[in-house]
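[1] Show me the folded form of this:
(one chain, ligands or ions: 1)
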Amino acid sequence: MPPLARPRRIVGVSLKMYFDLPSTLSYVRGMLQLDGLAWNARLDLFVVPDFVALVSAAEILQPSSILLGAQDTHWEDKGAYTGQVSPLVLQQAGARIVEIGHAERRALFGETDESVANKAAAAARNRLIPLVCIGERTHNTTSPSAAVGAAISECTPQVTSVLAAVPDDSELILAYEPVWAIGAKEPADPDHVVNVTKELRRLAGGRRGVTRILYGGSAGPGTFAKIAEGVDGLFLGRFAHDMQNLKKVIEEVGGA
Ligand SMILES: O=C[C@H](O)COP(=O)(O)O
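    Below is the predicted model of the structure:
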């Protein structure tokens, strides 16, 4: 049987809470210079700034094909939820993607598989693409195969709860980010990433909607070619702060 066609590749950057407002908008303006490169490479490019920057970022990106993302959402569209941000408002502000369940939110802000699934459903309901982050918290160093098995065991419920919550025909992005590889010097071992992401793709294999799988965790130039067998792109953090690095990653992902 011939291999199934892979979806369009995608590269994105989360700015987390690294920058102040002028720096965030300056970064977003800088990304405009890479729009043509990404377009010609036939890949999607996205940026995920903080909430406050979203409206201005949407205006900056308006003439481009760069997708705007938000770093979180509430699971209800409206109501008495002081301090939360509605998926409806995110969509109205110009967001196309919503990041949900990042490891920092799970560890520091009490996100659970249940809240992540509810938020993914809310995003899909508002025509936003849920970008759901999943990953194992610790690295099993017994052996490579034990590490893969432990990662799959931990990631499976994180994924299946989301798959059960979002419509089967909706678009979905899964970002595999081993927690121990986030903020590290180097990304996770390529074989580990490929073996885990192949299983994630199998888990989502019955979906009718486009499902893309990214890798994140100290990714940068040189990462994609080693894991292309398992993933459809990269989700970048610190190493994309240097725009030249982001340019190189787009060239690599587009050319590999
Ligand atoms: O959202 C991005 C990931 O957490 C990766 O961050 P990092 O590349 O700085 O480790």
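
[2] confidence score at the residue nearest to Ile134 when sequence neighbours are not counted?
    Leaving aside its sequence neighbours, Ile134 sits nearest to Gln158 (C-beta to C-beta, 6 or more residues apart in numbering; 4.1 Å). For every residue, glycine as well, the C-beta is placed using N, CA and C. Note for Gln158: predicted pLDDT of 98.

[3] next structured bit after the helix or strand harbouring Gln158?
    Per DSSP states H and E, Gln158 falls inside helix 144-165. Once helix 144-165 ends, the next helix or strand along the chain (criterion: DSSP H and E) is strand 172-176.

[4] Rounded mean pLDDT for that following strand, please.
    Mean per-residue pLDDT for strand 172-176: 98.

[5] what about whichever helix or strand comes after it, distance to the chain center?
    The helix or strand immediately downstream of strand 172-176 is helix 190-203, counting by DSSP H and E. How far helix 190-203 lies from its chain's middle: 16 Å, per C-alpha atoms, centre = their mean, to the nearest Å.

[6] Go ahead and confirm Ala117 touches Val159.
    No. Ala117 is beyond contact range of Val159, at 10.0 Å (criterion: C-beta atoms under 8 Å).

[7] Settle this for me: Arg42 is touching Arg9, isn't it.
    Yes. Under the criterion of C-beta under 8 Å, Arg42 makes contact with Arg9 at 7.5 Å.

[8] what is in contact with those two at once?
    Each of Gly254 lies in contact with both Arg42 and Arg9 under the rule C-beta atoms under 8 Å, 6 or more residues apart in numbering.

[9] the more surrounded of the two?
    When neighbours are counted by other C-beta atoms under 10 Å, Arg42 and Arg9 differ, and Arg9 comes out ahead with 23 against 9.

[10] which one is that one nearest to, not counting chain neighbours?
    Leu43 (4.2 Å).

[11] What's the per-residue pLDDT of the one you found here?
    For Leu43, the predicted pLDDT is 97.

[12] show me what contacts it?
    Counted by C-beta under 8 Å, 6+ apart, Leu43 has contacts Arg8, Arg9, Ile10, Val11, Gly233, Ile250, Val253, Gly254.
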